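here are the coordinates; sequence isn't available:
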């Protein structure tokens, strides 16, 4: 079995993927960040996606909570747009 592993020691604050917008940039722009502790605007023990996320299959959140998102009816994802600001919701059939 072969693979790539990202491990963070217990005293580490974050691990991230980033890219340089321009070849001459001195800093990388974060795109995916795991924070073990609260940092800047990121909460503790969170995985933060800082770019559009495209999911090509059926996501299973294993009973975790989805908060503050939008179903866009123009993309075929829902019948009528709805903003969800609560942790419990049911889409109409």
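Yep, that arrived. This is a predicted model, so every value here is computed, not measured.

CA only for contacts and neighbour counts going forward, please
Will do.

these two touch, right, residue 21 and residue 28?
Yes: counting by CA atoms under 8 Å, residue 21 does reach residue 28; the two are 7.4 Å apart.

Centre-most residue in this structure?
residue 49 (3.4 Å; CA atoms, centre = their mean).

The closest residue to that residue other than its chain neighbours: neighbour count?
Distance criterion CA to CA, 6 or more residues apart in numbering; nearest residue to residue 49, sequence neighbours excluded, is residue 32 at 4.7 Å. Neighbour count for residue 32, taken as other CA atoms under 10 Å: 14.

again, but for the one 4 residues further on
Around residue 36 there are 20 other residues, counting by other CA under 10 Å.

just checking, it touches residue 45?
Yes: between residue 36 and residue 45 there is a contact under CA under 8 Å: 4.5 Å.

for this structure, which spans come out with low pLDDT?
Within the chain, the set of residues satisfying pLDDT under 70 comprises 71-73, 76-93.

ranges for the helices of it?
Taking DSSP state H as the criterion, the chain contains no helices.

if I pick residue 50, what's in contact with it?
30-33 (CA atoms under 8 Å, 6 or more residues apart in numbering).

Including distance to residue 7, could the residues you listed go into a markdown table?
Conversion of these to a markdown table gives the following (distance: CA to CA, whole Å):
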| residue | distance to residue 7 |
| --- | --- |
| 30 | 18 |
| 31 | 18 |
| 32 | 15 |
| 33 | 13 |
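
From these, list just the buried residues.
By neighbour count, with 16 or more other CA atoms under 10 Å, the contacts of residue 50 hold residue 33 as buried.

just to revisit the earlier point, separation between the residue nearest to the centre of the chain and residue 6?
Per CA to CA, to the nearest Å, residue 49 is found 16 Å from residue 6.

repeat for residue 40
Taking CA to CA, one finds residue 40 at 22 Å from residue 6.

go on, residue 26?
Taking CA to CA, one finds residue 26 at 24 Å from residue 6.

do the same with residue 69
Plainly put, residue 69 is 28 Å away from residue 6 if you go by CA to CA.

More neighbours: which of these two?
Higher neighbour count among residue 69 and residue 6: residue 69, with 11 against 6, using other CA under 10 Å.
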